Each structure stands twice: as structure tokens, then as C-alpha cells.
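Colleague: starting from these lines, generate the structure:
(2 chains, ligands or ions: 2)
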Amino acid sequence: MMKTWQAGKRLLPMTAALGLILAGCGREDLSVLRPQGPAAESSFALMKLSISIMIVVLLVVFSIAAYVWIRFRRKPDQNEIPKQVEGSFKLEVLWTVIPLILVVVLAVPTVKAVFAAGNDHSDDKDAIKVKVTGHQYWWEFEYTDYGVTTAQDLVIPAGKDIAFELSTKDVLHSFWVPSLSGKMDTNPDGTVNRFSFSAPNEGVYRGKCAELCGPSHGFMEFKVKSVSSTAFEEWLASMKAPDSVLPDDPALAETFKSQCLTCHATGSMQDLSQAPNLTGIGSRESVAGILLNDDTRVDGAPVEENLKTWLHDPQSVKPGNKMPDPKDLGLSDEEIDGIAEFLAGYTLD
Amino acid sequence: MDWITTVDHKKIAILYLWAGGIFFGIGGLEAILIRIQLIKPMNTFLDAQTFNELITMHGTTMIFLGVMPVIFALMNAVIPLQIGARDVAFPFLNALGFWTFLFGGILLNLSWVMGGAPDAGWTAYTPLSSTGYSPTHGVDFYTIGLQIAGLGTLIGGINFLATIITMRAPGMSFMRMPMFAWTTFITSAIILFAFPAITVGLVLLTFDRILDANFFNVAGGGNPVLWQHIFWIFGHPEVYILILPAFGVISEVIPTFSRKRLFGYSSMVFATILIAFLGFMVWAHHMFTTGLGPVANALFSVSTMLIAVPTGIKIFNWLFTMWGGQVRFTTPNLFAAGFIPTFTMGGVTGVMLASAPADFQFHDTYFVVAHFHYVIVGGLVLGLFAGLHYWWPKMFGRMLSETLGKWTFWTFIIGFHLTFFVQHFLGLMGMQRRVFTYLPNQQFDLLNLVSTIGAMLMGVGMLIFLTNIFLTSRRPADAADDPWEDGRTLEWTIPSPPPEYNFKQTPLVRGLDAFWKEKMAGHKAMTPSEPVGSIHMPSATILPFLMSVGIFIAGLGFMFSRDEFSSSIMSFLFNNYIVTALGLLITFGSMLMRSLFDDPGWHIEPEELEGR
Ligand code: HEM
Ligand SMILES: [Cu+2]
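Modeller: Ligands and ions are numbered 1, 2, ... in the order given. Predicted structure coming up:
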């Protein structure tokens, strides 16, 4: 055992160098190579270890290959028959044992990390419990201890462990925030998965669905918003504000109620889990998970414009999604724009 | 007509090659379309549904209909020759295996024109593949098409097992058998144990879809994770079914073009068996994120890593086969040389994936797409190219052009690495697989562009290969018996292409690399083990073809048995299972004919053999 650890140690400098190179790859809020939390760091450490070992193996194989190809190339005048070698017991044992040792070097920390990743925080009083439900093609987040449900934006307090309980309402999905943690599938009831991660630094991280779930699988994105604990408390409080907000214009309010709130919920309404909860949608990071809200227009458009894009033709934004086209529900262009304007202003204080 | 009724293994090999080539072309076109769609973010070249159909059909076609038949082509062309046999054990079954494979493949591809291709990925995970979420007949084409094609594979595998066990020439003990014969033998054994799993799985899924069964339906008490287990208990061994024959090819090509015997022959045999065995123990490494729990994840992690050991043995044995030899870079050996580093790269990423906590990040991303293409394309397809260029003169009596061969190699392998190397990074930077497009500004754009350019270059390589085949076919068939001059095994002792009966006299094998041994002893030919005598040959027959047509019709009938048709006659025929019954009648009728009418075959007499 001692020996294997020494071999592991010798790889450390290389691991560190590699870490530096790889860390240059990708966005901080998205890339596996730029981990922003302990869960992702644990995966990353194993990735660095395994890739270091593997690069050593590759270098050995490549060098031997290059050597034999150059050194033992047949020359034009070469006609004598080369010596026919049956094999070499010693050499063959050598290249059985060395890979075995390398496997042990990798297997020990792997097994350790597997069990570490397995300790979920569902019984931890300090952890925030979140029930994640996958839907074609949106994400529902229920904070069971607080009676709050939201969609697409997962708001969490920085540094706290979040204990997830994952399931799906339809097909399989997979919940993945690359820079914070590895992925975990959402299975139907009966095979519910639990795991946990935390985000020490405040910021917005990009999440994805990683299991083919239909045409808009690639668009089933979400955001994780890590905020200070006071901001988190404030957010919870405003989410719990009892009253559902309606448009000022009574006709528009009636349309909104009869056409939209049959599937969506706002405020204190009972959630039907048929469609994303709309409470405070004006303050979200995105519309439908992929139309990024960005007033500077660098990486998206202002929220009102995004809402209009979505409401005027949901199918063209996210093909195959389950929301009826508002026009088919009988809404006029003006009504749609009115509702978009109202929703854009429906923010949390 | 000759081709439809043939039972000659050499002709069946050519049939497999043609069919496999065509399906490979279809799968390749699908790949190019996929890559064009992904050339830039938010591309609208394809719509999301079509894209999902394309990835599903690309994966399914490549695995089941593209490379498997080419493997079977090489096996059919070479195995009886290498072991000194006059045919396979069951020539009739051999033909049946080909035709069921072909009709299964045709059925699957009919989905493109008959109302929607399968769209749930080649893994067809439920519930996405259930009628609730995939309402077209696409997945039915998948289950029934693969069922029929799988029948052919199973028949072929059993046939090779029987052939290799019973039909080796005198003196050829198992430990004197060429490596390609060994890997064929082990591959066939894996087929025998793995294909029944997918057969059962496909039946269950078919029943869920067509007869409203509840095997995978949660509401009815079923469990979708069950499908994943069944699928991967088949699916993981399947990748060894693919790669072991490639190992066999490489183990033939490298010694020939190094003029040395294979280094560590017995450890190669041992490693092959070990890989096959471990291949069955690791299926759940495809399911680390499914939520099996830490114990299962730990066990499957470690058992997967172990596969690296026998694989490593093989790589080093190949390298040391060349050590001290005289290496000639003919086209086959170029492909073999390309194989070693490329496949090793696929192998090491496999070990990385085996580490479950790391796989939580890799799984279902482009990293995995890169990994398995390094193994399947960089390993298997390069191996198949090596084998095709190597045995082409034996199969067709014509040498492929070396110049065009080298062009094929360089364009293909450069294109390959351009396409797939960058995909490792795409995955690590957060790009999931099976996405029909991606948002801009995620730093995915440049690498995807590079990848698409690489794919085009691979396409160019394929076109050069086709050109080579076309030009070669117009030249006279004048290849020598031993065209590479350093052939070591029995197939190089007989004419190219071989006569119908392969060996006029069954050879006597006196050691490993039987032919080389005779050459070193100063002989020009093998010592025969029998006097020239009358040779028994099986008769040609159309029955295998008819049986497969019958199954094909029955499959279509069953699939549409619950549809409503606009014409009442059609509804009547399908809804009462009349079409299904008709198809089965053809199949069972042919079987009955086969049983009732004894066909003694025919003989080639010695005078005829001498008159050649
Ligand atoms: C011309 C060379 C090829 C190119 C450019 C290519 C490209 C691709 C691409 C872009 C995907 C989709 C990745 C995703 O989003 O999931 C894919 C998937 C796949 N490819 Fe290939 N491929 C090629 C050859 C092959 C070959 C020869 C095989 C097997 C023999 C193969 C097997 C697969 C499989 C199994 C999948 C997964 C399909 C699924 O997700 O259901 N490919 N390929
Ligand atoms: Cu998804």
C-alpha cells in the first residue's frame, strides 16, 4: 500500500500543472474544469489524478511506438529473416503488474470519493431541503421546509448544504450544474434519488438537463443563484407573500386568470405542477430557462422582450413543449403584449 | 439469383460487405447531417425532432447495421480459410443469418419513409421510448427491426462457434489457432450470451408498446430502470463484440508486416478471454448517475478499471511484436499503426470514465461521445480498414491501390482526430450530448466548428476508399496467392480468390503460423493431410431468403396490427393479424420444406479438381 501512495505522490506536481492548464478552459459558471464548490472539486481532483496517470501511460505507449516504427522500419536491402520471438515472461508480467498498480492508485481514492458523494444531507437539520422535479422541459424546485415553490431559478444560500430529492413527472431527466457538482438522474416515483451540494461563492451558475428527454432536451436549462443568507431569507419571505398579483386592467386580469392560471400558479395559489410557478417571474434570470434576461443585451434581451418572444410563439422557442400557444387560447396580440408587460413588472421586492 | 441462393461463405462474406457498406454509408450521412446542424450555435438547419431521429438512427445503424456486418464479412471471408476448413459448419444457417440481418436492417430504415424514425436514442430508454412519449411507429421499427437483425447475428455467432470447435484442420490445436480465429471464437461466445438479453428486452418493450403491457410503465407497476439494466447487460458486452475482432485483425496485420511472430501469443489469448469475462461484469458503469448507491458504484468502478490490465497487455505485446522486426508500412499496416495510439487514447479515457465520482461529470456529455468514438472509430473502424485492405486481394483477387490507400488513411485519421479530440473539451466545458443545438457565448462555438470540419474530412477519406474499390474492380484479377509475400496463416496458401471448395486437400498444420513454418522449412506449399478425393458441397437454396422475407412481413404486420387504415381492406388484413400470419406462414412453410425434402448436396470429383 505504501508504495502505491508514493506513486500517487510523485504524480502530484504533474496533477497540479495540469490543473492549471485545464482551469483555463470554459466559463467559470459552467465548466467542469473550473469547479466552484466542494462536490465539483472532489470530481475534479479525481479527474486530475486519472488524467495524469493516463498521460503517463500514453507517453510510454507513444514513445515505444515511435521508436519501433523508426528503428525497425524495413530497409530496402533487408532480406534476412528476423528472429522469431515467442514472448518474454518477465516483460509480460511487468506490463501486467504495472497497470494493476496504476489501477489501485486510482481505485482507492475513487472508492473513497464514491462513499463520500453518497452521504446525502436529507437528515441534516442545517441543510436546505429542495425537491427537484423534472418536467418536459422545465425544472420545478420546491422548498419543502418553507412551503415555497419556484421554477427555472434555484435560489440557494451560499455555503449551505442543499439536500436534493430528485424525481420526474414524465420521462427521465438528469440534473446537472457542471461547475457545482456532477449530475444525478431524476427517476419516477419509487426510484427517487437524493444527493447534495453547496456553493460557497455567491453567483449565478448554469444548470443543464443531461438525459435525452425529447426534442427540447438541449433547451432544458436552469440557473442556480447562490446568494447571501440574508438575501435568501428575503427571497423566501417575498415568495411567501400571500396575494396573487393580477394585471391592473380588469379585462386583462380576467384573461390572465382564466387562460394562464389554469396551469400556472402565482403567490399563494395551490401549485398544480403542470406548468412553472410564475411568482416573481420578472426577477428571474431567464424566461423558459433559455431566453436570458439581460438589460445590457450582451447575452440576451430585457425580460419583457423575452416574455413577448415566448408568449407569441412558445413552440418556436422550445419545440415540443407542453404549453398551448396563447393565440390558440384566443388571446390577441395586444393581450399577449399586455400580459408580457405585466409579468415583466411582476418582481419580488 | 446466384447471390440470393448462395450458401458459400465467401459469397456471403461479400454480401455482408455490401450490405454493411451501404448501411455504414447511411449512418455516415446521418453523422454528417448531425455535424452540420452543430456547426454553429442556434443553427436551424434541422429541427429538433429530426435531429433526435438522426442521432438515434445514426447510433443504431452504425452499431447494429454498419460495423457488425463488416465484421461478419471479414469473419466469413477469412475464418474457414484460416482454420483450413472447406466451409462453415452450417452453410444454410449462414445464409439465413445474413438474410435476417438484412431484412431487419431494411425494416429499421423503412421508418424514414413510413411515418417517423425512432427518436429515443439508440439506448431507447423508457419512458421516452414508450408510446406515451414516442407516439409514432418509430420505436416499433427499432424494436422489431433490431429483433430480426439480432436473430441473424445470433445465428452467425453460433455458426462460428461450431465451425471453430469442429472444423479445424488436422494439427491445428486451439493454441495453434491464428489470433483472428481466436477473437472470432470469443466474440461469438459473447454474442451467444449477450444477445439473448437484448432479445428479451426488445420483446418486453414491444409488448409494452403494442400490447399495452406494463414492464417498464411506472403507473402499471413497472420500472424504467429495469430497461437500463437489460439494455446494458447486452450493451456493454456488445462493445467487446465490436472491438475484439479488431484486436484479431491487428494481431494478424502487425506480425505479417513486421515479419515476426506475435509476441506473447498465449498471454494474448488469455487477455482476450479475460476481457470477454470482465465485459459481462461492468454493465452498470453506464448507470452511475442512475442512483444505484455507493456500493454498486464502487464495485462497478473497480471492475471496470480492471479491464485496463488485459487491454494493456495487448497493446504492449503488439508494440513488442514490431520490436526487432522489419516493419513495412503498407496500407493495412498504416491502419494498424494508426490503431495503436488512437485506440489507446480511447482506452485511457475509458479508465477515466470508470471512476464513478468523475463520471458524474463526464456522463452524457461530449466527453463520452469522444471516448466511444475513439474506441469504435479509432479502434474498430481503423481495424476494419486494416483488415479490408489486408484481405481484399484474398476476397476479390485484386490488390487495392496502395497510393489511394495511403490517401484514405491520412485523410481519415486526420479528420478523425479533428472531429473527436476537441469533443473531450466540449464535454468538460459543459456541453451535454444529444442536444440539437446550443446557446451562443458558452465557448462551445469554435470547437464545434473544428469538429464539423473534421467530420467532412473523414467523409473525404471514405470517398477516396470507394474510389479505390471502384477503380480496382475494373482491373484484372491477378493477385498472387500470397500477395503480401510474408503471409503466415493458411489463407495465403490457396489461390486468390479461393475456389469454391477452398482447399483441394486439407492441409496438415505443424505449428502456430502454419504457412510461415513451412516457408521457413523451405517448402512452397502446405503438406496435405489427405489424398485428393471427392469433395462434398452444400446445394444453393432460396429458402433462407424466403424465411427472412416471411419474418419481415410478419414484423410489419404485427407493428401495424392496431392502426386504423383509410381503406377497410387494409384494416381488415392488419387488424386481424392476417398479414402477420401470412408472413409467419411463409417462414414456417420454408422451414417445413427444409425438413421434408432432404438435400444431399453435390460433389466435386477429383478429375474436376485436377482439370483446373
Ligand atoms: C463519420 C464518422 C462519425 C461521426 C462524424 C459521428 C458523429 C456523431 C455525433 C455528432 C453523434 C451525436 C452525439 C450526441 O449528441 O449524442 C454521434 C453519436 C453516436 N455515434 Fe457517431 N459518428 C461517426 C461514426 C460512428 C461510428 C462508426 C459508430 C459506430 C460504429 C458511431 C456510433 C455512434 C453512437 C452509438 C452514437 C450515440 C447515438 C445516440 O446517442 O443514440 N458513430 N456520432
Ligand atoms: Cu433532458
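Colleague: could you give me the average pLDDT of the top helix by length along chain A?
Modeller: The longest helix of chain A (DSSP state H) is helix A:38-71. On average, the pLDDT along helix A:38-71 is 94.
Colleague: give me the helices and strands touching it, please.
Modeller: In terms of contacts (3 or more C-beta pairs under 8 Å, 6 or more residues apart in numbering or on different chains; DSSP states H and E), helix A:38-71 is packed against helix A:12-22, helix A:89-118, strand A:181-186, strand A:193-197, helix B:308-322, helix B:331-354, helix B:356-362. For every residue, glycine as well, the C-beta is placed using N, CA and C.
Colleague: am I right that residue A:212 is in contact with residue B:133?
Modeller: No: under the criterion of C-beta atoms under 8 Å, residue A:212 makes no contact with residue B:133, lying 10.9 Å away.
Colleague: more neighbours: which of these two?
Modeller: residue A:212 (26 against 18; other C-beta atoms under 10 Å in any protein chain shown).
Colleague: check that one and give its pLDDT.
Modeller: So, for residue A:212, pLDDT stands at 97.
Colleague: just residue A:79 next, same as before
Modeller: Confidence score, pLDDT, at residue A:79: 85.
Colleague: and it, what are its phi and psi?
Modeller: phi -130, psi -10 (degrees, to the nearest 10).
Colleague: mind checking how far it is from ligand 2?
Modeller: 63 Å (C-beta to the ion, to the nearest Å).
Colleague: which residues are common contacts for residue A:212 and residue B:133?
Modeller: residue B:120 (C-beta atoms under 8 Å, 6 or more residues apart in numbering or on different chains).
Colleague: burial of residue B:137, as a residue count?
Modeller: Applying other C-beta under 10 Å, we find 23 residues neighbouring residue B:137.
Colleague: quick one: contacts for residue B:122?
Modeller: B:55, B:56, B:58, B:59, B:60, B:63.
Colleague: now do the strands in the chain.
Modeller: This is for chain A. Remark: strands assigned in chain A by DSSP state E are A:128-135, A:138-143, A:148-151, A:153-157, A:162-168, A:173-177, A:181-186, A:193-197, A:203-209, A:222-227, A:286-287, A:291-292.
Colleague: the intended chain is chain B.
Modeller: Counting by DSSP E, the strands of chain B are B:535-537, B:602-604.
Colleague: which helices and strands does the first one pack with?
Modeller: Right, strand B:535-537. strand B:602-604.
Colleague: pretty sure residue A:57 is touching residue B:350, no?
Modeller: No: the pair residue A:57 / residue B:350 is not scored as a contact, 11.8 Å apart, by C-beta under 8 Å.
Colleague: what separation do you get for the closest residue to ligand 1 within the stretch 201-349 of chain A and chain B?
Modeller: Proximity of the stretch 201-349 of chain A to ligand 1 (C-beta to the nearest ligand atom) peaks at residue A:212, 7.0 Å away. Between residue A:212 and chain B the computed distance is 4 Å (C-beta to the nearest C-beta, to the nearest Å).
Colleague: relative to residue B:414, which of the helices and strands packed on helix A:38-71 is closest?
Modeller: Residue B:414 lies closest to helix B:331-354 among those, at 10.1 Å (C-beta to C-beta).
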